[in-house]
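Trainee: only the shape, not the letters, is given here:
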C-alpha cells in the first residue's frame with residue numbers, strides 16, 4: 001500500500017489493520033507521533049491528514065491509503081514553523097509529550113485561519129491533554145501569534 005508522509009510517497013509492506021501510529025513510528029521512524037492513552041482521548045498521536053488533524057493510535061494504516069499525512073517532522077525546513085517558535089518564545093514546553101499533537105492541531109487551525117480568536121484556539125486544543133500544566137503558556141503563545149499574525 002502507498003501513503004504520502006511529509007511529502008514523500010512510501011510503498012509499505014505492512015498489515016493494513018495495524019494502527020497508523022505504529023507504522024509511522026516503527027516502519028518510517030517518525031518519533032514525534034506518540035502513543036499516549038491509545039483511546040483517542042489525549043491527542044498525543046495526532047497527525048494532519050489532508051490538512052485536518054486526526055488521531056492515529058486506533059485508526060488503521062489502511063484507512064489512510066493514498067492520503068497526504070504530515071507529522072511534526074514535516075514542519076521543519078531551514079527554520080522553525082511560527083507555531084513552534086511561539087512555543088519557544090513563551091517557554092511553553094515542559095515535558096513535551098503532548099506537544100507534537102498540540103502543534104498538529106495548531107497548524108491545522110492557523111492554516112485555516114491565521115488570526116483565530118482565543119476561544120477558537122481553546123476549541124482547537126480541547127482534544128489535547130497536557131499533564132504538566134503548560135496549557136496556559138501554550139494558549140498565551142498561540143494567542144500572541146494570532147494577534148501578531
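Mentor: Arrived safely. Note that the coordinates shown come from a computational prediction; the quantities given were computed from them, not determined experimentally.
Trainee: can you list contacts of the helix or strand containing residue 9?
Mentor: When elements are assigned from DSSP states H and E, residue 9 belongs to strand 8-11. Around strand 8-11, the neighbours that count as contacts under C-beta atoms under 8 Å, 6 or more residues apart in numbering are 1, 2, 3, 4, 28. C-betas here are computed from N, CA, C, even on glycine.
Trainee: most neighbours of all the residues you listed, which one?
Mentor: In terms of neighbour count, residue 3 stands highest of the contacts of strand 8-11 at 23 neighbours, by other C-beta atoms under 10 Å.
Trainee: report all helices and strands that the helix or strand where that residue lies contacts.
Mentor: Assessed by DSSP H and E, residue 3 sits inside strand 2-5. Under the contact definition 3 or more C-beta pairs under 8 Å, 6 or more residues apart in numbering; DSSP states H and E, strand 2-5 sits against strand 8-11, strand 68-70.
Trainee: which stretch among those is buried most, on average?
Mentor: Neighbour counts (mean count of other C-beta atoms under 10 Å) averaged over each of those peak at strand 68-70, with a mean of 20.
Trainee: let's have the helices and strands packed on strand 2-5 in JSON lines, adding distance to residue 17 and mean pLDDT.
Mentor: As requested, the helices and strands packed on strand 2-5 are arranged in JSON lines below (distance: least, C-beta to C-beta, whole Å; pLDDT from 0 to 100):
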{"stretch": "strand 8-11", "distance to residue 17": "18", "mean pLDDT": "95"}
{"stretch": "strand 68-70", "distance to residue 17": "17", "mean pLDDT": "97"}
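Trainee: as CSV, those strands with distance to residue 94 would be great.
Mentor: Listed next are those as CSV, based on distance: least, C-beta to C-beta, whole Å:
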stretch, distance to residue 94
strand 8-11, 31
strand 68-70, 24
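Trainee: rewinding a little: contacts for the strand holding residue 3 next, please.
Mentor: Counting by C-beta under 8 Å, 6+ apart, 9-12, 23-24, 28, 30, 61, 64-71, 74 sit against strand 2-5.
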